[in-house]
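Trainee: I would like the atomic coordinates for the input below:
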Amino acid sequence: MNGTMKTVLKAGVTRRYKDRDGNWKSSQSFSRNEIPLAIWCLEKAFEKIIEEETAQSSSNGNGVEEEVVM
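Mentor: Predicted coordinates for the structure are as follows:
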């Protein structure tokens, strides 16, 4: 806000797999059975982001993934 820099931590989920030829592929779509694992991963990422934000606000540390002007 008012042109100040703010740290924004983000999380993303990408599924990695090997195709029939053994080549690695990436996808952001998940099957019905993979969705609970993706949710679990995002919950863990959320917990880590909260920890990092708490640590940064108390120690003014680094670990910035992205800075945006608010």
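Trainee: Let me see the contact set for the residue most central in space within the chain.
Mentor: For the chain, the residue nearest the mean C-alpha position is A11 (1.2 Å; C-alpha atoms, centre = their mean). The contact partners of A11, by C-beta atoms under 8 Å, 6 or more residues apart in numbering, come to L42, A45, F46, I49. The C-beta positions use only the backbone N, C-alpha and C, and glycine is treated the same way.
Trainee: Nearest to S58, out of those: which one, please.
Mentor: I49 (15.0 Å; C-beta to C-beta).
Trainee: Where does that closest one fall, secondary structure wise?
Mentor: helix 35-59 (DSSP states H and E).
Trainee: Where does pLDDT dip in this protein?
Mentor: 1, 60-70 (pLDDT under 70).
Trainee: who's sitting farthest from the centroid in it?
Mentor: Largest centroid distance in the chain under C-alpha atoms, centre = their mean is D21 at 29.6 Å.
Trainee: For S31, see how far away it is.
Mentor: 21 Å (C-beta to C-beta, to the nearest Å).
Trainee: do S59 as well
Mentor: 41 Å.
Trainee: contacts for stretch 46-65?
Mentor: Applying C-beta under 8 Å, 6+ apart, the external contacts of stretch 46-65 come out as T7, V8, L9, K10, A11.
Trainee: let me fix that: stretch 21-35
Mentor: V13, T14, R15, R16, Y17, K18, D19, L37, A38.
Trainee: Can you flag which of the residues you listed belong to strands?
Mentor: R15, R16, Y17, K18 (DSSP state E).
Trainee: The first one: neighbour count?
Mentor: Read it as R15. 14 (other C-beta atoms under 10 Å).
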